[in-house]
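A.B. asks: Curious how this folds, go ahead:
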Amino acid sequence: MSSPTQSISAAGNHSNQVGTNGRNEFLAFTLGQEEYGIDILKVQEIRGYEAVTRIANAPEFLKGVINLRGIIVPVVDMRIKFNLGTPTYDQFTVVIILNIGGRIMGMVVDSVSDVITLVQEQIKPAPDMGTAFDADYLIGLGTVEERMLILVDIDKLMSSAEMGLIEKIAA
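C.D. replies: Now for the predicted structure:
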């Protein structure tokens, strides 16, 4: 992506299952050495990382809040959330602004690469690896040529009890 702040249209209500046309678009981003993907329709915009205002007694993964055009937005650092080592913030670090169930929130990732369209055949179930990353939050693994994306169900993750950021979203 060329600019640190880029708007992406995110209209409509969409589930994280592959669309009726058999295709689904995912925003690809990196955390450490791994590449992840989230439903592009949940993305409102992508911004360069900026300092956040810390909130007392918040969990470590909740970096704080930012003021986004008059809306106070909680910001989650996904490297801390997924226990992927100490985060570093550089010119590639971005905040993906999400719209989930009508709530706006941000997630800090190492970098954003592109938007990938996957068909059902390219999405494989995630193996049960007993990792720190709860498989309940995975859609599966998306494969495109030599790339493999860990596809995250961002609705389930952000509405999970330990996140505590938004109420449970009706399925």
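
A.B. asks: OK, contacts around Ile80?
C.D. replies: Residues in contact with Ile80 (Cβ atoms under 8 Å, 6 or more residues apart in numbering) are 60-61, 63, 87. The way it works is simple: take the backbone N, C-alpha and C, and place the C-beta from them, glycine included.

A.B. asks: which of these lies closest to Val73?
C.D. replies: Lys63 (10.9 Å; Cβ to Cβ).

A.B. asks: element containing that closest one?
C.D. replies: Using DSSP states H and E, the secondary-structure element containing Lys63 is strand 62-68.

A.B. asks: got the contact list for that strand?
C.D. replies: For strand 62-68, the surrounding residues in contact (Cβ under 8 Å, 6+ apart) are 50, 52-55, 58, 72-77, 80, 95, 97, 104, 106, 108, 165.

A.B. asks: quick one: which of those sit in strands?
C.D. replies: Using DSSP state E, the members of these that fall in strands are 72-77, 95, 97, 104, 106, 108.

A.B. asks: I'd like those laid out as a markdown table, including distance to Phe26, pLDDT and neighbour count.
C.D. replies: Written out in a markdown table, the entries for the ones in strands among the contacts of strand 62-68 read as follows (distance: Cβ to Cβ, whole Å; pLDDT from 0 to 100; neighbours: other Cβ atoms under 10 Å):
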| residue | distance to Phe26 | pLDDT | neighbour count |
| --- | --- | --- | --- |
| Ile72 | 28 | 95 | 10 |
| Val73 | 22 | 96 | 20 |
| Pro74 | 23 | 96 | 22 |
| Val75 | 21 | 96 | 23 |
| Val76 | 19 | 95 | 23 |
| Asp77 | 21 | 95 | 24 |
| Val95 | 18 | 97 | 27 |
| Ile97 | 16 | 98 | 24 |
| Ile104 | 20 | 95 | 17 |
| Gly106 | 18 | 97 | 26 |
| Val108 | 18 | 97 | 22 |
